[in-house]
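S.K.: Any chance you can model this:
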Amino acid sequence: MGQIRAVLCGYYGKGNAGDEALLASLLQMLPPEVTPVVLSGDPQATRDRYGVQATNRMSAIRVWQALRRSQVFIWGGGSLIQDATSFTSPLYYAGLMGLAQQLGLTTIAWAQGIGPLERSFVRQIARHAFRGCDAVSVRDARSAQFLVDWQVPFTLAPDPVWALDSKPVEGLWDIPAPRVAVNLRSHRHLTPERLEILTQAIAQFQKATDTFILLVPFQASQDLAIAQTIHARLPEVSSIYNLDDPRQIKGLFRGVEMAIGMRFHSLIMAAAEHCRCFALSYDPKVSQLIADLNLPGWELSDLPTDPNTIAEAWIEHYANGDRLNEISIHSLVDRSLIHRQILCKGMEKLGIL
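M.R.: Modelled structure (predicted):
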């Protein structure tokens, strides 16, 4: 146990594998001198999965107690400061950051993905919160531009999940090969009509390639029903892998030839594990990843209406597409570890490193 207590704040314990992967990456990168206290939507699950202290993120008394007993506060990665889904979410995170700063804690904004920020008052609150941080790192150029505009010093590095350790998935190698992973999530652009088109395309792709389809929900509340719909159409040649541990989800991609993904971290995990990737973008962060990695894909809003067109593109990529090369993967993993340096920089202010 380290002598410094750090409160870790993010969208943890809410069943989202991407945010859990960020938490696992943060815990992996924390200096050994630090004892983490995780604010979680499911503290018991967080304690059981990671072996750390955790407290209810929505209990004002417990959060206050955690802050008063700690020396460091860390915004733990991902799209916390954005108002596309709700303007209350950035207010929650910025409010906790402001409280931690008022209490005199060392404050670190770690591996942030900032935006969209459509409301001017949310932009002002975010600017104030970031300017009060002792150290800031971001994971993409769009987020960096906000900080440039706000005159906030920062470090830019690839998403830390590139460097996340993976774990093997029991029984995966008993599943027929070759295997292709599919991750779709609910979204306003994934209309019932588009889901039907994609389901038909998956069926055509599977028949043409004789692959086994692994349906991989990243958040059961948004992804599982879609996976179940597709599985019902391909009951003999597909399986749903609803895993809780993000390290196992990343490990699953090690046994997969290709991934078709909507979620940002499904594509990062797959690419890091040497899968061919085909992206379906619903969000600017996914579109930026497509550009950064030169991935084939479509904006979901521009999805072709003919299942044959989609299936043919997937078949071509499966047969002839390139994986991310070893040098590129190694570079992304190495550069993602820069986020560890930001943590160390924050600890240096406390004189422990």
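
S.K.: Show the pLDDT at the closest residue to residue 220 other than its chain neighbours.
M.R.: Among residues not flanking residue 220 along the chain, residue 15 sits closest, at 5.7 Å (CB to CB, 6 or more residues apart in numbering). Any C-beta I mention is one placed from the backbone N, CA and C, and that applies to glycine too. pLDDT for residue 15: 95.

S.K.: Residue 1 too?
M.R.: 52.

S.K.: next one: the one 10 residues further on
M.R.: According to the predicted model, the pLDDT of residue 11 comes to 96.

S.K.: Phi first, then psi, for residue 175.
M.R.: Main-chain dihedrals, residue 175, degrees, to the nearest 10: phi -80, psi 140.

S.K.: Surely it is in contact with residue 211?
M.R.: No. Assessed by CB atoms under 8 Å, residue 175 is found out of contact with residue 211, at 10.7 Å.

S.K.: Please identify which of the two sits among more neighbours.
M.R.: residue 211 (20 against 14; other CB atoms under 10 Å).

S.K.: So which elements touch the worst-scoring helix or strand of the chain on mean pLDDT?
M.R.: Within the chain, no helix or strand scores below helix 338-348, which has a mean of 88 by mean pLDDT, DSSP states H and E. Where contact means 3 or more CB pairs under 8 Å, 6 or more residues apart in numbering; DSSP states H and E, helix 338-348 is packed against helix 17-29, strand 72-78, strand 106-112, strand 135-138, strand 155-156.

S.K.: can we see that at 7 Å?
M.R.: helix 17-29, strand 106-112, strand 135-138 (3 or more CB pairs under 7 Å, 6 or more residues apart in numbering; DSSP states H and E).

S.K.: Could you dump the ones you listed into JSON lines with mean neighbour count added?
M.R.: Formatted as JSON lines, the helices and strands packed on helix 338-348 follow (neighbours: other CB atoms under 10 Å):
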{"stretch": "helix 17-29", "mean neighbour count": "24"}
{"stretch": "strand 106-112", "mean neighbour count": "28"}
{"stretch": "strand 135-138", "mean neighbour count": "25"}
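
S.K.: Serialize the ones you listed to a markdown table and add fields for distance to residue 205.
M.R.: Shown next, in a markdown table, are the helices and strands packed on helix 338-348 (distance: least, CB to CB, whole Å):
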| stretch | distance to residue 205 |
| --- | --- |
| helix 17-29 | 24 |
| strand 106-112 | 34 |
| strand 135-138 | 36 |
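
S.K.: Nearest to residue 329 among the ones you listed would be which one?
M.R.: Counting by CB to CB, residue 329 lies closest to helix 17-29 out of the helices and strands packed on helix 338-348; the figure is 15.8 Å.
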